[in-house]
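Undergrad: Need coordinates for the below:
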Amino acid sequence: MLSDSGSSASPGTIPVTLTVNGQERRLRVAPWTTLLDLLREELDLTGTKKGCDHGQCGACTVIVDGKRINSCLALAVQKDGARVTTIEGLSSGSLHPVQAAFLEHDAFQCGYCTPGQIMSAVALIEEGRARSRDEIREHMSGNICRCGAYANIVDAVEDVLKGKSSSRSSSVREAAE
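TA: Numbering: from 1, shown residues only. Predicted coordinates:
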């Protein structure tokens, strides 16, 4: 159970402060609450998807302190004091270049995995770890697309890496501030 810090606390809850998409949030969290459940159920940030709930599909990928994680595997209390960026906080006014590239390359079909794919791609680019199509595929391998849009996803990420995306906006670090 979660409650705003101004409410009376439920027994057994723990205070947690997170900066989510640039906004500080003070909550009381049951020790077993995952970061995914906190984001979706308490903060109403439903762009982060609950897929497998076992860390195997990547639909719940968010960026925490500059690193991508599967939010279904992280307890919210473990992230006390962290900066969290979700798909909702990625852009401010205009699309992030990765979002624009996904649109340009039709890098989604049903769209369920898209937020996790985008968040993983943004972090991958920020990490500077992928310089080739093979490296993009390797570092994105934790994000599953059941529709099979992998070729278009790689095209989109590659275009952003090469600076070809038509939309320019701030980096994840700036968006989170």
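Undergrad: Who does the residue nearest to the spatial centre of the chain form a beta bridge with?
TA: Geometric centre of the chain, nearest residue: residue 62, 2.3 Å, by Cα atoms, centre = their mean. Under DSSP bridges, the beta-bridge partners of residue 62 are residue 69.
Undergrad: need the contact list for it.
TA: Residues in contact with residue 62, defined by Cβ atoms under 8 Å, 6 or more residues apart in numbering, are 35, 39, 48, 68, 69, 71, 84, 85, 86, 119. No exception for glycine: its C-beta is placed from N, CA and C like everyone else's.
Undergrad: Same question for residue 140.
TA: Contacts of residue 140 (Cβ under 8 Å, 6+ apart): 117, 120, 121, 124, 153, 154, 157.
Undergrad: let's see it at 10 Å
TA: By Cβ atoms under 10 Å, 6 or more residues apart in numbering, the contact set of residue 140 is 58, 117, 120, 121, 124, 130, 150, 153, 154, 157.
Undergrad: Okay, residue 118 and residue 78: tell me how far apart.
TA: Distance, residue 118 to residue 78, by Cβ to Cβ, to the nearest Å: 24 Å.
Undergrad: Which one of these two is surrounded by more residues?
TA: For residue 118 versus residue 78, the count of surrounding residues by other Cβ atoms under 10 Å is larger for residue 118: 25 against 13.
Undergrad: Hmm, residue 108 is touching residue 145, no?
TA: Yes. Shown here, residue 108 and residue 145 form a contact pair, counting by Cβ atoms under 10 Å, at 7.8 Å.
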